[in-house]
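*Asks:* Task: produce atomic coordinates for the following.
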Amino acid sequence: MNIVVCVKHVPDATADRRFEDDGTVDRLGVDGLLSELDEYAVEQALQVKEKLGDAAGDSTLTVLTVGPEQAGDAIRKALQMGADRGVHVLDDAVAGSDAVATSLVLAEAVRKVGAELLEGGWDLVVCGMASTDGSMGVLPAMLAERLEVPALTLASEVEVSPGEGGAGDVGVRIRRDGDTATETVEGTAPLVLSVTDQSGEARYPSFKGIMAAKKKPVQTWSLADLGVDAEAVGLSAAWTVVEATEARPPRTQGQVVKDEDGSGATALVEFLVSKKFV
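*Replies:* Below is the predicted model:
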C-alpha cells in the first residue's frame with residue numbers, strides 16, 4: 001500500500017511569533033518545527049503500514065511538504081519517525097498561499113508522487129486535522145475534492161482491512177467523535193484521511209531512526225515541475241487575507257473580588273458580563 005502524508009513546517013508556538021507587513025506569518029525570523037498535529041498523521045500512516053504488512057503488498061510511505069527551505073526540517077522529523085522518502089515543494093512563488101492554493105499544489109504533488117515514485121500509484125493520503133498556525137482545518141476536504149476521491153476526516157480512531165483486490169481494495173473505517181455523537185465512517189482506498197490529536201500518541205524517533213533518516217531520499221520540486229502556474233498561488237491569488245493584526249497587550253494585575261458584605265457574587269457576575277463571558 002502506498003501512502004502519502006502531507007505535513008507542514010510551522011513556527012514554534014513557544015517562540016515570539018509575529019506577522020510581516022503584508023499580513024503573512026514570519027516564517028524565517030522564528031524557529032520552526034513539524035506541526036504537532038501532523039505528527040499524529042505520520043504516526044497513523046506508520047500504523048496503517050505496519051498493520052497491513054504483507055497483506056497489501058510492499059508498502060511505501062512518502063512524506064510531502066510545501067514551504068521554504070526550512071520546511072525540510074519537517075520532512076526530516078517524519079523520516080526519523082519511520083517514513084521512507086520525502087518530497088519538498090520549494091518555490092518562492094508559493095509564499096503567502098492560502099488553503100485553496102495550497103490544496104492545488106499538494107494535489108498536483110500527490111499526483112506526481114503517484115505517477116513517478118510509487119509503483120501502482122498512491123492509495124492513501126493522510127493529513128493532520130489542521131495546522132497549528134493557520135488552524136483552518138479545511139485542507140483535507142479540499143485536497144480530496146481536487147483528487148476526486150472520498151474524504152474520511154477528523155478520525156480519532158483508524159482501522160484498516162486488506163481486501164481481495166490488493167492495496168487498491170483496502171478498506172478504511174474511522175471513528176469520528178463529535179460534541180453530541182460518535183460516528184463510524186467507512187471508505188475504500190484510494191481516499192484522503194485526516195486524523196485528530198486523539199488518534200494516538202506519536203512515536204519519538206529512535207537513535208536508529210535518526211541515523212537511518214540521513215540515507216533516505218528527499219526530492220525537491222518546483223511549481224514548474226508540477227505544472228502549476230505561479231499566478232495561481234501566492235498572496236496575490238489568495239481568497240483569504242489578513243487585513244490587520246494587533247500585538248497582544250501585556251498582562252495586567254487582575255481584579256480581586258471580596259465578599260465581605262455579601263456582594264461578591266453580584267460583582268463577579270457583573271465582571272463576567274462586562275467581558276462578554278456570559
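*Asks:* Would you agree Glu243 is in contact with Gly23?
*Replies:* Yes: using C-beta atoms under 8 Å, Glu243 is in contact with Gly23, at 7.1 Å. Where C-beta positions appear, they are placed from N, C-alpha and C, glycine not excepted.
*Asks:* Show me which of those two is the more surrounded one.
*Replies:* Using other C-beta atoms under 10 Å, the more surrounded residue of Glu243 and Gly23 is Gly23, with 14 against 5.
*Asks:* quick one, what contacts the more buried one?
*Replies:* Neighbour list for Gly23: Val241, Val242, Glu243, Ala244, Thr245 [criterion: C-beta atoms under 8 Å, 6 or more residues apart in numbering].
*Asks:* Need those in JSON lines (columns: pLDDT).
*Replies:* Formatted as JSON lines, these follow (pLDDT from 0 to 100):
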{"residue": "Val241", "pLDDT": "82"}
{"residue": "Val242", "pLDDT": "84"}
{"residue": "Glu243", "pLDDT": "83"}
{"residue": "Ala244", "pLDDT": "83"}
{"residue": "Thr245", "pLDDT": "82"}
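*Asks:* Now restrict those residues to buried residues only.
*Replies:* The neighbour count (16 or more other C-beta atoms under 10 Å) marks nothing among those as buried.
*Asks:* Tell me which of the residues you listed fall in helices.
*Replies:* Among the contacts of Gly23, DSSP state H puts none in helices.
*Asks:* From those residues, pick the one nearest Glu69.
*Replies:* Val242 (23.4 Å; C-beta to C-beta).
*Asks:* Now that closest one. Nearest residue, chain neighbours left out?
*Replies:* Leaving aside its chain neighbours, Val242 sits nearest to Gly23 (3.5 Å; criterion: C-beta to C-beta, 6 or more residues apart in numbering).
*Asks:* Shouldn't the one you found be within a helix?
*Replies:* No: going by DSSP: H, G, I helix; E, B strand; the rest coil, the assignment for Gly23 is coil, not a helix.
*Asks:* State the distance from the closest residue to Thr245 other than its chain neighbours to Ile3.
*Replies:* Ranked by C-beta to C-beta, 6+ apart and with sequence neighbours excluded, the top spatial neighbour of Thr245 is Phe19, at 4.6 Å. According to C-beta to C-beta, to the nearest Å, Phe19 and Ile3 sit 35 Å apart.
*Asks:* do Gly53 as well
*Replies:* Distance, Gly53 to Ile3, by C-beta to C-beta: 13 Å.
*Asks:* same question, Val63
*Replies:* Val63 is 9 Å from Ile3, by C-beta to C-beta.
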